[in-house]
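next comes the sequence, and after it the predicted model I'd like to discuss.
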Amino acid sequence: MAPGGYVLEVDPSNGAAGMVAAGLRTQHLRPRRRADGEDPDPDSDMEWDLGSPWYRPTRLVELTSGADFGWRSGSGKFPVWREDMALPVADVGPGSPTGVLFGTGAAFPPDDQRALYLLDWTFGTIHRARLRSDGAGHAAQLEPFMTGRALPLTDAVIGSDGAMYLTTGGRRTSSHLLRVRYVGDGATEPATWPEPSDAARRRTELERAHVAEVSDAELDALLAALGDDDRRTRYAARVGLEHQELERWLPKLEVPGGPRSRVQAWLAALRATSRDDSVVDTALAGLGSLDPRSLDRADRLVWLRAHQWALIGRPEVTVRWRDRLVARLDPLYPSADPAADVELAILLVHLGAPRVVERTLDLAESAPPPDLHGLTEHAARNPQYGDTIAALVANPPPTEGMRFVFALRDVEEGWSLATRERWFRWVHEARRANGGVSFGGYLDRAEAQALATCDAETRLAIQPLLVRPGAGSAATGRAPRGPGRAWTVDEAEPLLTGRITGADFVRGAELFAFACSNCHRIGGSGGSVGPDLTSAATKFTLHDLLVAVLDPDANVSDQYRLHEFRFADGSRRIARDLGVAADGQHEYVENLLDPGAVGRVAPGDLVSVEPSPRSPMPAQLTHAMNAGELRDLVAHVASAGGSRRDLGAWQGVAVTRPDPPILSGLALRLLGGAVAVLAVLVVVLVAASRRFERSVRA
């Protein structure tokens, strides 16, 4: 939830702390500071969002003062064009960032010493980022520094010998220690770092206003910087204004300035005010004095975003300004700019503009296909982790149109039967595409919200469009025949080792559909309650997979851990903890197969919430299966749904018994004794024969 991952600056002498930056999906534990004082750091993606327009790739950011990188849960993430989001340095692509370090201290060439190295666990890659000054911040050229199969990188450090040392491991993968050293004739003396640019120094000066009250002259400097050509400078100035007393600078907005300064100033005023509708009215009037067609693209998007800030959480303002804002915004829609159309759709749907449904559907149906170039590169670089990405590239989703369809999902007025059918047909066809684990869930929730606004006649008419496309093509679940047993890993592993490739893969698909597909998916088909199992065999050994299936409580991932709720009335529930909502109620989901059924409890009725040691997956799922059926199920998972049958090395070597000896152990002992006796007799006879010969000679 907002503000997502955040960074605090703490004074160890007195414990005082202040937020530096926020809006990150997963903040790294150890940001690396450059010699010029900047703090670049990677932020994680949410891989489940792949295929949706709000998917945000792993990205490199700079943890500058006041930065909000726009992470919000679900579909609420800020698109990069919104200037109330701090501008990222570079997009890396899908992955799971772990270690990060500069090459400082390495016996590498100077450019490599100044580079930033980003470790990716998922794709076994070290990205080398060559940073260069870009106005008030930096840009980066990214390139693979090191890649490898089965290389789950976890951390790195520059050793005292100038080499880079790496570790691998995590989630029951093999751990290794590796060394990377430079071999060549290039110079490896310590590199010098460039001085901060003038623009970066100016941005740093503006950031003083984020933490302290500034003078009138400095306040004027903030207002002047709102019109700067550099987005990072504008951002620092706007955040600085928002941290000053509104009464000090709001009157200054009456002084005419350039259009860029004015739209930025009104955005700052709307973000800085709370419930003072007079400020909102003044801001909306000021925004109306600007002709959006005369603004350049960036300023027009800020102008639209300021209108959204004026209406967020202010129903009275919406009612009071509705007709004037529809008259102002409606002639602009649609425009030739997809980003502006998205923001206009949000505004006009909120305002209930006439014909907004038809125009928004037109944009959804005519949206261009997604750009998958970066995804293709990632899947090709390490295919063993790229199954989901490869499936998405082969059957891409209608990503860009999804923004417009979602804008209409809870609209109640303005529909005809024809437009209703268009909306549900779009969703129906979108289900045929491949995406991340959450892709189908987003469509489900949007469809449920739209259905709630339909009358009975409309529901009947669109019923054929509610049938999941391709539902009959998947394997039909069939119950095990048995006889079963309460399988343990020790019992199952010897029976399956070396014998997986002889499995019945069709039967394995049926068993998976029966026992597993409600919660797990393979190759884009199945549920999303539990982990995606498409790449299970590339991450786990046969032993590890059997532990996960037969003894799920042995290793419960934090991603899927449930909690035990104890209530004041003495009752208990095992559920997924959703945290505390904005109104103070604690939320949870008890039935993971019905995530929309959210339970809520007041703080006074809740005694405790503790992590449960039990996995959401019951251990008894395989108890009805015989040995052959268990083998078939494991084969289906290991082969990614039957698409990969080369499991020879993965399945291990079957345990074989040595050939039985020709003689038993007792016979061997008796024979050994007889041989010893015979040897003694031979010695005695030889000695007697020699004495007899000597006596004859004598």
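That came through, no problem. Not measured: the values here are computed from a predicted model.

what strand or helix carries the closest residue to Ala581 other than its chain neighbours?
Distances taken as Cβ to Cβ, 6 or more residues apart in numbering place Glu587 nearest to Ala581, at 5.3 Å, with adjacent residues excluded. In this view, the C-beta of every residue, glycine as well, is placed from N, C-alpha and C. Counting by DSSP states H and E, the element that carries Glu587 is strand 586-589.

centre of the chain to that strand, how far?
From the chain centre to the centre of strand 586-589 is a distance of 22 Å (Cα atoms, centre = their mean, to the nearest Å).

for it, packing partners?
Here strand 586-589 touches strand 572-580, strand 598-601, going by 3 or more Cβ pairs under 8 Å, 6 or more residues apart in numbering; DSSP states H and E.

with distance to Gly66 added, can I get those in CSV?
Putting those into CSV (distance: least, Cβ to Cβ, whole Å) gives the following:
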stretch, distance to Gly66
strand 572-580, 25
strand 598-601, 33
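
among those, which comes closest to Ser615?
Nearest to Ser615 among the helices and strands packed on strand 586-589 is strand 572-580; the distance by Cβ to Cβ comes to 10.7 Å.

pull out the buried positions in the closest one.
Across strand 572-580, burial judged by 16 or more other Cβ atoms under 10 Å covers 575-578.

ok, now stretch 488-502?
Of the residues in stretch 488-502, those buried (16+ other Cβ under 10 Å) are 489, 492-493, 496-500.

please apply the same query to stretch 395-408.
By 16+ other Cβ under 10 Å, the buried positions in stretch 395-408 come out as 396-408.

ok, now stretch 191-208?
Buried residues in stretch 191-208, defined by neighbour count with 16+ other Cβ under 10 Å: 191, 196-197, 199-200, 202-204, 206-207.

Gly257 - how many residues pack around it?
Using other Cβ atoms under 10 Å, Gly257 has 15 neighbouring residues.

quick one: it from Arg328, how far?
21 Å (Cβ to Cβ, to the nearest Å).

what about the strands in the stretch 151-300 of the chain?
153-158, 164-170, 173-180 (DSSP state E, counting those that start in this stretch).

to Glu247, which of those lies closest?
In terms of Cβ to Cβ, the element of the strands of the stretch 151-300 of the chain nearest to Glu247 is strand 153-158, at 49.6 Å.

return the closest one as CSV; C-alpha atoms alone will do.
Output of strand 153-158 as CSV, limited to C-alpha atoms (Å, rounded to 0.1, in the frame of the first residue of the first chain):
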residue,chain,number,x,y,z
LEU,A,153,22.9,-14.1,-7.5
THR,A,154,22.4,-12.7,-4.0
ASP,A,155,25.1,-10.3,-3.2
ALA,A,156,28.5,-8.9,-4.2
VAL,A,157,31.5,-7.1,-2.7
ILE,A,158,34.8,-5.8,-3.9
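
please name the nearest non-neighbouring residue to Thr419.
Val357 (5.2 Å).

ok but the one you found is inside a helix, no?
Yes - counting by DSSP: H, G, I helix; E, B strand; the rest coil, Val357 is found in a helix.

ranges for the helices of the stretch 501-650 of the chain?
Per DSSP state H, counting those that start in this stretch, the stretch 501-650 of the chain carries helices over the ranges 505-515, 536-539, 542-550, 627-638.

the shortest one - contacts with which helices or strands?
Put plainly, it is helix 536-539. Packing partners of helix 536-539 (3+ Cβ pairs under 8 Å, 6+ apart): helix 627-638.

which other helices and strands does the helix it packs on contact?
helix 489-496, helix 505-515, helix 536-539, helix 542-550.

among these, which is nearest Gly440?
helix 505-515 (16.2 Å).

what helix or strand does the nearest residue to Leu270 once chain neighbours are set aside sit in?
With sequence-adjacent residues excluded and distances taken as Cβ to Cβ, 6+ apart, Leu270 is closest to Trp309, at 4.0 Å. Per DSSP H and E, Trp309 falls inside helix 297-311.

let's see that helix as PDB, backbone CA atoms only.
Listed in PDB are the C-alpha atoms of helix 297-311, where the atom choice follows Å, rounded to 0.1, in the frame of the first residue of the first chain:
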ATOM      1  CA  ARG A 297       2.900  17.800 -24.200                       C
ATOM      2  CA  ALA A 298       4.600  17.700 -20.800                       C
ATOM      3  CA  ASP A 299       2.800  20.800 -19.500                       C
ATOM      4  CA  ARG A 300      -0.600  19.600 -20.900                       C
ATOM      5  CA  LEU A 301      -0.200  16.300 -19.000                       C
ATOM      6  CA  VAL A 302       0.600  18.300 -15.800                       C
ATOM      7  CA  TRP A 303      -2.500  20.500 -16.500                       C
ATOM      8  CA  LEU A 304      -4.700  17.400 -16.700                       C
ATOM      9  CA  ARG A 305      -3.100  15.900 -13.600                       C
ATOM     10  CA  ALA A 306      -3.800  19.000 -11.600                       C
ATOM     11  CA  HIS A 307      -7.500  18.700 -12.500                       C
ATOM     12  CA  GLN A 308      -7.400  15.100 -11.100                       C
ATOM     13  CA  TRP A 309      -5.900  16.400  -7.900                       C
ATOM     14  CA  ALA A 310      -8.600  19.000  -7.600                       C
ATOM     15  CA  LEU A 311     -11.300  16.200  -7.700                       C
END
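
buried residues in the next helix or strand after that helix?
The element immediately downstream of helix 297-311 (helix or strand, assigned by DSSP H and E) is helix 315-329. Judged by neighbour count (16+ other Cβ under 10 Å), helix 315-329 contains these buried residues: 317-318, 321, 325-326, 328-329.

so who does the residue nearest to Glu610 when sequence neighbours are not counted touch?
Distances taken as Cβ to Cβ, 6+ apart put Glu564 closest to Glu610, at 5.1 Å, once the chain neighbours are dropped. Contact analysis of Glu564 by Cβ atoms under 8 Å, 6 or more residues apart in numbering lists 572-574, 608-612.

do that again at 10 Å, thanks
572-575, 577, 608-614 (Cβ atoms under 10 Å, 6 or more residues apart in numbering).

same list (the helices of the stretch 501-650 of the chain) but as a markdown table, adding distance to Gly170 and mean pLDDT.
Shown next, in a markdown table, are the helices of the stretch 501-650 of the chain (distance: least, Cβ to Cβ, whole Å; pLDDT from 0 to 100):
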| stretch | distance to Gly170 | mean pLDDT |
| --- | --- | --- |
| helix 505-515 | 26 | 90 |
| helix 536-539 | 10 | 80 |
| helix 542-550 | 13 | 90 |
| helix 627-638 | 20 | 92 |
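
least trustworthy helix or strand in this protein by mean pLDDT?
The helix or strand of the chain with the lowest confidence, counting by mean pLDDT, DSSP states H and E, is helix 665-697 at a mean of 56.

and of the helices and strands packed on helix 627-638, who's closest to Glu143?
Among the helices and strands packed on helix 627-638, helix 536-539 sits nearest to Glu143 (Cβ to Cβ), with 24.7 Å.

residue nearest the middle of the chain, spatially speaking?
Met46 (1.7 Å; Cα atoms, centre = their mean).
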